[in-house]
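# The following comprises the amino acid sequence and a computationally predicted model.
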Amino acid sequence: MSIYILYVLIGFFAGIISGLLGIGGGIIVVPGLAFIFLHQGIGPPNLVMHMAIGSSLAIMVATTFATVRAYHQFGWVLWPLYKRMILGIVIGSIFGVILADLIQSELLFIIFGLFLIAISCTMLFLRKPDANISLPRPMLLNLTTTAIGTQASLLGVGG
């Protein structure tokens, strides 16, 4: 099978799963790219997971801009909330990149696998959060968004 067909299938599957389950495509894209990179000998094996995560993040830049644009047109973006959250997300993203640089690819595989298990358990056992909850105080909001930014950039998944 052509490698290009595999890339298309990964993208197709990520889109379908994202739409059906409301999860980010990075959960599908990162392992899919890591599989292709390993089996096609793309890049050094000790950087395969880093390359898959970086590629996933690069893909997200384009899709995120398109999504935000569409959501903004419908009036679904809460810009005041965005302004309160952006600093923590940016700081966390920088921290995640630095952390990823310090971690070996094998450990990133394990961390990503544990992340997938955590997401699976959350989807299986927890009910949907109450949409009417209030935001935490500014300090806790900054810590939370920093953690989200760190996780997103460390694993190549959306926050």
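Now that the structure is in, tell me what you want to look at.
# residues in contact with T64?
Contact analysis of T64 by C-beta atoms under 8 Å, 6 or more residues apart in numbering lists G158. Just so you know, the C-beta spots here come from the backbone N, C-alpha and C atoms, and that holds for glycine as well.
# which is the next helix or strand following the longest helix anywhere in the chain?
In the chain, taking DSSP state H as the definition, the longest helix is helix 48-73. Per DSSP states H and E, the first helix or strand lying C-terminal to helix 48-73 is helix 79-102.
# So which bits of that next one are buried?
Residues of helix 79-102 classed as buried by neighbour count (16 or more other C-beta atoms under 10 Å): 85, 88-89, 92-93, 95-97, 100.
# If you count contacts, what does it end up packed against?
Based on contacts counted as 3 or more C-beta pairs under 8 Å, 6 or more residues apart in numbering; DSSP states H and E, the elements that helix 79-102 packs against are helix 138-155.
# what distance separates the helix it packs on from the middle of the whole chain?
12 Å (C-alpha atoms, centre = their mean, to the nearest Å).
# tilt between that helix and helix 79-102?
Angle, helix 138-155 to helix 79-102, by axes from the mean of the first three to the mean of the last three C-alpha atoms, to 10 degrees: 50 degrees.
# angle of helix 138-155 against helix 48-73?
Put simply, helix 138-155 runs at 130 degrees to helix 48-73, going by the same axes, to 10 degrees.
# State the mean pLDDT of helix 138-155.
Taken as a whole, helix 138-155 has a mean pLDDT of 94.
# hmm, back to that, counting neighbours, which bits of the longest helix of the chain end up buried?
The neighbour-count check on helix 48-73 (16+ other C-beta under 10 Å) flags 48-57, 59-60 as buried.
# now do stretch 142-155
So, applying 16+ other C-beta under 10 Å, buried residues of stretch 142-155: 142, 144-155.
# Which pair of those residues spans the longest distance?
Greatest spacing in those, by C-beta to C-beta: N142 and L155 (20.6 Å).
# and the residue nearest to P138 when sequence neighbours are not counted, what does it touch?
The shortest distance from P138 to any non-neighbouring residue, by C-beta to C-beta, 6 or more residues apart in numbering, is to R84 (7.3 Å). The contact partners of R84, by C-beta under 8 Å, 6+ apart, come to 135, 138, 141.
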